[in-house]
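Student: got a structure for you, letters missing:
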Ligand SMILES: [Zn+2]
Ligand SMILES: [Zn+2]
Ligand SMILES: [Zn+2]
Ligand SMILES: [Zn+2]
Ligand SMILES: [Zn+2]
Ligand SMILES: [Zn+2]
Ligand SMILES: [Zn+2]
Ligand SMILES: [Zn+2]
């Protein structure tokens, strides 16, 4: 058999194994993995790793905000950035605004927005307004329409749910059969801390970190797991920032609570001290939960290595440093409490984890693939269509040069954001080509995929 | 020297030691502990244990409710009941009603109410209305006026504080220098559980227990300790009902959180199954947190034995079974959610713990004294005036017959409540005389102390 | 390309993914995994699972005993039994007898014995005689010659090492670069227990279990991990029988000790009560550590599911019930202490774990493959040559009928042992064909592979 | 009543309470504790703390060694040193030498030796030779004759028991009804470590600490507790040096193992770095287990404060720095392995713990008394004869000046040892008078008690 495209002579890496071989692609799918395959077109992967494209389970794209604004990165720019970094599927967030429109309507509008994506996308539905209709009709219907999961916040003025509403969402999710992902920080306690900071005139970015200590992330995580255990509903703890939180997750699992854990690159390569830079510079590193300490990063790696945490997402957030929607929207003297939380990270996710994880011996190559692609695909029911290299899987593939040393600079990242918190950082290991749906979407940092090349993807049946 | 009264030939038991000897009393205080003391009056304690009178750190007496009613047990009846059971000091609760009166005013009114007590009393001040004045003026002032501590609720419609208000109280307590005791159950989750029960027409008393599972007590306890740790303020966890909660307390202490733990007799001798009796009978056993299982009781004993829990109070609550203020105030068909929570227990506290604890080998005699008298006295700064037998201490003493077998019946208890949940239970070990302030307050179940014999007691300086 | 053999239309299952596809084989290796592959010969796998053949990391085959006897199952019979059960690689044990021959000599003799194996085999080298030559020359040399790892015993009269000798082996292993597997039970304490049993005339098989309680396995495991941590040498804990042992393993890993854990089917499907059968029947179930309780089995599954234990081997032991080398070699009235320890299990390993694990929802299909094939192959450096289905891997494949219900009976198992402890047990899921090195070694329970078809396999470089 | 002696106006401190009062003494016993007591003789204790004399549960006095030597401190000098430091009871060690004499004989000889003690003494019987007679006759008989407990070693060439012998001792102790105290360090692993040190020519005192890492103390402690749990026999873990060991003790208790824990002053005020001094100086600080780090000391205090460790003994060991029996018996170039282990500490125990514990807020005054007097007295069945101030107790009392600042120097300590490891250390709080059996044994550092003033004390009945 002759395939449409054959990727030749690469070192194929899956979550399971590393081996020499060719990948044969027909149309949008992988048709074979073998030796000496023949193709009408061939791509030479000699010296390269051939891995399933990254699946980023947590990124904020073109998301509507309560104040009427929208995240700066559009589906067009964000999906370009994903391709630049070797990621071929994003799971992004449909907001739930208090605008009188039904949950389903808001979900469908967001599905439509995504039509301009260059890569495939799945959707988390945020739930902020726990009214009767949302519970009784909205949630079951978005599940039927292919939502990847629900998302709730335990903090933030505009989003946080009280425990009672959270329980209703958990119950509705259980009945509809979907996962609930949770941003775990104690809203009232952080509000208290922020008020105390502001009252002492502690307004610079460093107080962002100090007002959100690990114990308040740990408390909310513990609470979320108790509530999930009560309802017997699976939850995912988003963006775990430090080992003391993971310890509680490990304990909850031993009690039988169905809980999974995600972390992000920033918790390995940034620290709270990054927010302590002069002036407003620290705002470039502000996200929630905030990065902690080097010791926390080391502790997280230990838990990742042992499989207790098994997903690494970006929590990509589209806020520039400058501009009307950016970090400094209220000026560079604005108190930290007015600075939007979140940092960009779609394109840098794989390179940072490869460099910090694989190169430094924290994880194996197979674990790398599992963490950034296979496991997130499993989590949202997209596996084995996504997240592996096997016949029948989508031909979403990244060709990775493990020896290529790159100094990260914002222009390489193709997003709409005016900075990267990793500017100037040098990493070894970089994607040189990304295929999405059997087409070359990125080659040598040039984005070749067009707007609309991607499709909405729903969880597979039986997952 | 000749003493006013000498208690002769008893076996004196303190938290520290057990030894034969006499106790010499002058006026209201102990003057000597020795051999062959001479007194103008002598009490023969041959064959009896001579112990410091019980200190009950948690009892609801003549407490005002939000609906304008008041707990059925008055200072007169409750203090009689205390004497009947060997207790000589109560720490009761000043309510904090939304009636426009200041915290200090409400506290002083309650101090006045107590003037009719037959025994000494100290006061917890409940905080439910966390306004600026309460925080800035009320709390510091009641501390100056001798409050034993503050009390907050994490559950109950009328009382519960959100985490933000809780933090303000913790901070005010730290600044004023007093302890905060906490009723730990997750308000919103229990409300959710109750709604679900009622929606399924599960209204009988047994659903009281089912709607308040251990995990929701554990969660609230965990949260309270995180918040206390954040403020670096000492808290007491009230009425711990099961080992899984104690495990978290033990862990929090290892992290350095200053937290102490109380439990109550009902968690050793009742179980959730008691609420599962036919008709409305189960209401007699309804308190919060609800009694759990026999295995939980055994686990609690293990923690008590090892000193992890070191106070046993009664959580005495003045609700009769019948009558307009009682359990059946809304009729015997009322759903469990309308039945007042709480059971009487002032008089039975020492006999139950002696029988279950000492007689069955769960604790030593010295631990018994520590748990029911010495440690609660320490907790509220009343030690060594209260809680020990030593020169200078108040002559609050119980003479205990360790061989006397008694079948508990309500008429023995001298309270204003029309039942006891322990009716018919046989125990070995019973108080035969109680001295309060150097006077015989109870002899052979006859109450000899008069209304007003007791005084308000404030924490000693330097505690 | 046309392949020698194509396995058509099966559902391919690896540790990573489950997908429809064909497997193309050239010679002894897999050449491709794809859709619509063409082969000179085809095997129809419609309705079947196509999985990497089992890798059994722990089986005693034709092993020399100190008394001059040899385990009943020869390489010929044991490898036939392996094929019958879907296993294509065994890791067996070279003894270390006090016969004056060098370690290397004994190893080479055993490698030679293996030449009659029908399937590939790797070898653990047991160390019992820790003399200078064994440490200085023997261990480095057997590592150079391809030993899979070392094995030490902490119990058994003939084998146990004291802690000092154990440390020497750990140090030698670290220097040579190989893993050390350990049988963890406290020798002296078990000897004490056995003596006490015999002194009380407690001689029947049930006392085998009672004389080896979980705490003595836990203690030895704890000790082994402390010693390994001291030397910073990786160890594998063999045949973990109960959760209290796993808890210690989990804790040791958190301290940074490099330790891996194995368990066996008997710890899921047998219990201590099986040894409590009348007469000598209990001897059929005697192995060490002994099976525990149903609660222990459930606890083990929980740890397996969460990945804390990640290898399941058979600990296959060649002792018949009858016959001069069997369980009753000293008669059916012999005390339990004279009965050889160990039970057969090579052929039943995959069916039992598939039925108990996958069918009952304890693990996923991918976890099943990981536990019985991929992970043991990794452990001994045989992956990805063994343990996966990928181009370049050995064509060691099992075709599994997930719907086939089989009542286990000894004649199906093709070993030299006269019984199976699972006689009469019904399982769903059974291997219908096993390929080894590209040849059909078993079809419909007929053994087609010849003696000598297998080869000795050494760890791959770089593992 | 007029007492023989009245100690006036002191602040009496027991494990239970602190209060002003007088102590009346008649003959050798306390007759009363009261206010305004009258005595034929009075001692003014104004400004002083009046506490029960220290009970040192672990000190090596005039102990025979296997090599025929005897510890330098005799009963005469050691008891003088005890009095100087406020200690009034010692529990010392009868050796068990391989000299053919029966256990009972050796015990009785040691009881006789003690006749020259100036203070009361109880005796631990060491067991090193676990023969049939020792088990069947020796242990029951020494218990009948009033031994305080048994002592076994898990390390040291001359003393260590294997696990089998240890189990026999545990069983014999259970049958006879006495406690077993254990020196927990892994013998074989430490021997291995020492050999490795010596092979690398690492011979100076600092390698003493490095060859006995915490993990080997932790391992042996864990093992000892498993064995004790198996036999259901109470054990005491001697001289716990670091928190990781206490963590295991805490866990074992949760499993129901009856285990108690002792630590010593050196683990709070010395560190491993003390052995790292130039030349042979480090030998002054060599004891086993070795002092660890400042962080370990802080962790130990936390466990002491929470009551998990509740005895502090001295582990006083009579080795001078110079002289034929001292640290340098084999010269100052001798390898650490030839230096006797142990440091003097009888007289400094109370001052060091008072200063480090009470003055720095690690423990309360009542905890201090409990740790150094009441709890050890309880442990060995000597309470309430020893360890408290109450009528009927022995008049063993220390008068303590909490404000007195003293620079420790060897001449203050009255022992036969030529140095103290605490030379030059300044402490606040010092004993100014010690009464033993109603007589003044020490006043202002002058020893007034005569040889023979003390008596052998056996556990009280019913303890
Ligand atoms: Zn978030
Ligand atoms: Zn996010
Ligand atoms: Zn309450
Ligand atoms: Zn209450
Ligand atoms: Zn074994
Ligand atoms: Zn084996
Ligand atoms: Zn020792
Ligand atoms: Zn010692």
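Tutor: Arrived safely, thanks for sending. Values in this document were obtained by computation on a predicted structure and should not be read as measured data. Numbers count the residues shown, from 1 in each chain, chains lettered A, B, ... in the order given. Ligands and ions are numbered 1, 2, ... in the order given.
Student: which residue does the stretch 301-450 of chain A bring closest to chain D?
Tutor: Closest approach between the stretch 301-450 of chain A and chain D, counting by CB to the nearest CB: residue A:302, at 17.5 Å. In short, each C-beta sits where N, CA and C put it, glycine included.
Student: Mind listing what's buried along stretch A:13-22?
Tutor: Buried residues in stretch A:13-22, counted by 16 or more other CB atoms under 10 Å in any protein chain shown: A:13-19, A:21-22.
Student: Export those as a markdown table, with columns for secondary structure.
Tutor: What follows is the buried residues of stretch A:13-22, written out as a markdown table (DSSP: H, G, I helix; E, B strand; the rest coil):
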| residue | secondary structure |
| --- | --- |
| A:13 | strand |
| A:14 | coil |
| A:15 | coil |
| A:16 | coil |
| A:17 | coil |
| A:18 | strand |
| A:19 | strand |
| A:21 | strand |
| A:22 | strand |
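Student: filter these down to the ones near chain B?
Tutor: By CB under 8 Å from any CB of the partner chain, no member of the buried residues of stretch A:13-22 lies near chain B.
Student: okay, among those, which ones form the most distant pair?
Tutor: Spatial extent of those (CB to CB) is set by the pair A:15 and A:22 at 19.6 Å.
Student: quick one: contacts for the residue of the stretch 101-250 of chain A found nearest chain C?
Tutor: Taking CB to the nearest CB as the measure, the point where the stretch 101-250 of chain A comes nearest chain C is residue A:250, at 8.4 Å. Listed by CB atoms under 8 Å, 6 or more residues apart in numbering or on different chains, the contact set of residue A:250 reads A:303, A:308.
Student: so how far is chain B from it?
Tutor: Distance of residue A:250 to chain B, given as CB to the nearest CB, to the nearest Å: 13 Å.
Student: Show me what from the stretch 151-300 of chain A comes close to chain C.
Tutor: A:253-254, A:256.
Student: Of these, select the buried ones using a PyMOL command.
Tutor: Applying 16+ other CB under 10 Å to those, the buried members can be selected in PyMOL as follows:
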select buried, chain A and resi 253+254
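Student: Mark which of the residues of the stretch 151-300 of chain A next to chain C are part of strands, please.
Tutor: Of the positions in those, not one sits in strands, assigned by DSSP state E.
Student: Quick one: the residues of the stretch 151-300 of chain A next to chain C as a markdown table, columns for distance to residue C:76 too.
Tutor: A markdown table is the format used below for those (distance: CB to CB, whole Å):
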| residue | distance to residue C:76 |
| --- | --- |
| A:253 | 45 |
| A:254 | 45 |
| A:256 | 46 |
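Student: How about the contacts made by residue A:413?
Tutor: Contacts of residue A:413 (CB under 8 Å, 6+ apart): A:81, A:84-85, A:344, A:346-348, A:420.
Student: I'd say residue A:121 and residue A:88 touch.
Tutor: No. Contact criterion CB atoms under 8 Å: residue A:121 and residue A:88 do not qualify, at 10.2 Å.
Student: what touches both of those two?
Tutor: Here residue A:121 and residue A:88 have no joint contacts, going by CB under 8 Å, 6+ apart.
Student: When the two are compared, which one has more neighbours?
Tutor: The residue with more neighbours, out of residue A:121 and residue A:88, is residue A:88; 31 against 27, by other CB atoms under 10 Å in any protein chain shown.
Student: So the more buried one belongs to a strand, correct?
Tutor: Yes. The assignment for residue A:88 (three-state DSSP) places it in a strand.
Student: and the residue lying closest to it once chain neighbours are set aside, what are its phi and psi?
Tutor: Nearest residue to residue A:88, sequence neighbours excluded (CB to CB, 6 or more residues apart in numbering or on different chains): residue A:53, at 2.8 Å. With angles defined as degrees, to the nearest 10, residue A:53 sits at phi -60, psi 150.
Student: Contact partners for residue A:53?
Tutor: Residues in contact with residue A:53 (CB under 8 Å, 6+ apart) are A:86-89, A:119, A:373, A:386, A:396-398, A:434-436.
Student: Which residues belonging to stretch A:330-347 are considered buried?
Tutor: So stretch A:330-347, judged by 16+ other CB under 10 Å, has buried residues A:334-337, A:339-347.
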